[in-house]
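>>> I'll drop the sequence and a predicted model, then ask my questions.
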Amino acid sequence: MALVSEFLGQLTLAYGEEKDPKFPTVVPARDFDPVRDATRIDAAIKTKGVDEQTLIDILTRRSWEQRKEISFEYERISKKDMAAALKGALSGSLEAVMLGLLKSPAEYDAAELRASMKGLGTDEETLIEIVCSRSTEEMVTIKRIYREMFKKELDKDVAGDTSGNFAKLLLALVQTKRDEPTNVVDYEKIDEDARALYEAGVKRKGTDVGIWITIMSQRSVPHLQKVFERYKSYSPYDMKESIRKEVKGDLEKSFLTLVECFENRQLYFANRLNDAMKSKAAKEKVVTRILVSRCEVDLMKIRTEFKRQHRKSLYQTITEHTKGDYQKALLSLCGGDD
């Protein structure tokens, strides 16, 4: 009996781990030697003119856990903080990539969120991208890290920096009240939610945004995917078209981001990368943020979606739209051509 229960326990564990599988392009390096890496980084920074290639080779091909060990050894060897040393040695887009890689994905997201709200004006684009595209699990970690890093609560900062329905939606997402996915398909609830979305929007004059916010911030992702499918039997428009007709500005962008991420999160990131690189002022910030924050999460899958959607690999697109050491760092994070 003990053997059977142990076996079942292992099955449950294995199944639990599969809940959010990873598709990274950056994985832990084999034969890892943090002292050797730290020594090479120290020499690269001290070299006249800085040896950027060595910094790229090491930092873009180690996992975050390994980079943390390298930072520790670097400080021991050189008596300097590695982030400060890199800041002094590098500049511009390459500096942003290298410093980003010294943070865990959650620390990086927390820092990006803080930067988007600090000082005058708000960078709504960053706020929308991170808050609307992260899973509940990721958002729970980001909130904890945000509190540890900045001694502030993320929801309070969001509330203080945004207003109206846009603030209500972001706060509802930050509060992470989303249902856990279940194996039971509740067709009655799917129909009820689809009809509620239709009656709160397209069917009436003026939109009852509160109902949209509740449904989209609290229902599980598999449930919502079925709701949007069912929605088409009530509305002459699909959910995205309805959003474009009913709301405008940052609220529209937020709802669209949510729906795109519910449907296919990696495709959303692939399209963001494509738009950012093809825009006149190539939005390096967006490209940097997605590659740094997703390289240990799902960048391999984003690459697949990119090729499928845009008929060109992410690797080729980076090659065409970036240059210099920044390009080399991005291509290394990208992890190969498709």
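Everything's here; your move. Residues are numbered from 1 along each chain as shown.
>>> and this structure, what are its domains?
Domain ranges of the chain: 25-101, 105-174, 187-247, 266-334, per automatic domain parsing.
>>> Need the distance between the two termini of the third one.
In terms of C-alpha to C-alpha, to the nearest Å, the two terminal residues of domain 187-247 are separated by 28 Å.
>>> for that domain, what is the average pLDDT?
Taken as a whole, domain 187-247 carries a mean pLDDT of 96.
>>> cool, the longest one as well?
Along domain 25-101, the predicted confidence averages to a pLDDT of 97.
>>> And the last one, by the same measure?
Confidence for domain 266-334, expressed as mean pLDDT, is 95.
>>> chain center to it, what's the gap?
In terms of C-alpha atoms, centre = their mean, to the nearest Å, the centre of domain 266-334 is set 13 Å apart from its chain centre.
>>> What of the second one?
Here the centre of mass of C-alpha atoms in domain 105-174, compared against the chain's by C-alpha atoms, centre = their mean, lies 12 Å away.
>>> From start to finish, how long is that domain in a straight line?
The straight-line separation of the ends of domain 105-174 (C-alpha to C-alpha) is 17 Å.
>>> what does the longest one give?
Using C-alpha to C-alpha, one end of domain 25-101 lies 13 Å from the other.
>>> Mean neighbour count added to the domains of the chain, as a markdown table?
Bear in mind the C-beta positions are built from the backbone N, C-alpha and C, glycine included. What follows is the domains of the chain, written out as a markdown table (neighbours: other C-beta atoms under 10 Å):
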| stretch | mean neighbour count |
| --- | --- |
| domain 25-101 | 17 |
| domain 105-174 | 18 |
| domain 187-247 | 17 |
| domain 266-334 | 19 |
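>>> would you list those domains in JSON lines and tack on distance to Thr257?
Below are those laid out as JSON lines (distance: least, C-beta to C-beta, whole Å):
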{"stretch": "domain 25-101", "distance to Thr257": "21"}
{"stretch": "domain 105-174", "distance to Thr257": "4"}
{"stretch": "domain 187-247", "distance to Thr257": "10"}
{"stretch": "domain 266-334", "distance to Thr257": "7"}
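>>> Please, where are all the helices along the stretch 1-150 of the chain?
With helices called from DSSP state H, counting those that start in this stretch, the stretch 1-150 of the chain shows them at 2-17, 34-46, 52-59, 64-78, 82-89, 92-101, 105-117, 124-133, 136-150.
>>> what is the mean pLDDT for the longest one?
Per-region confidence: helix 2-17 scores 39 on mean pLDDT.
>>> ok so, going back, looking at the helices of the stretch 1-150 of the chain, which is nearest to Ser233?
Across the helices of the stretch 1-150 of the chain, Ser233 has its closest neighbour in helix 124-133 (26.0 Å, C-beta to C-beta).
>>> Nothing else from me, thank you.
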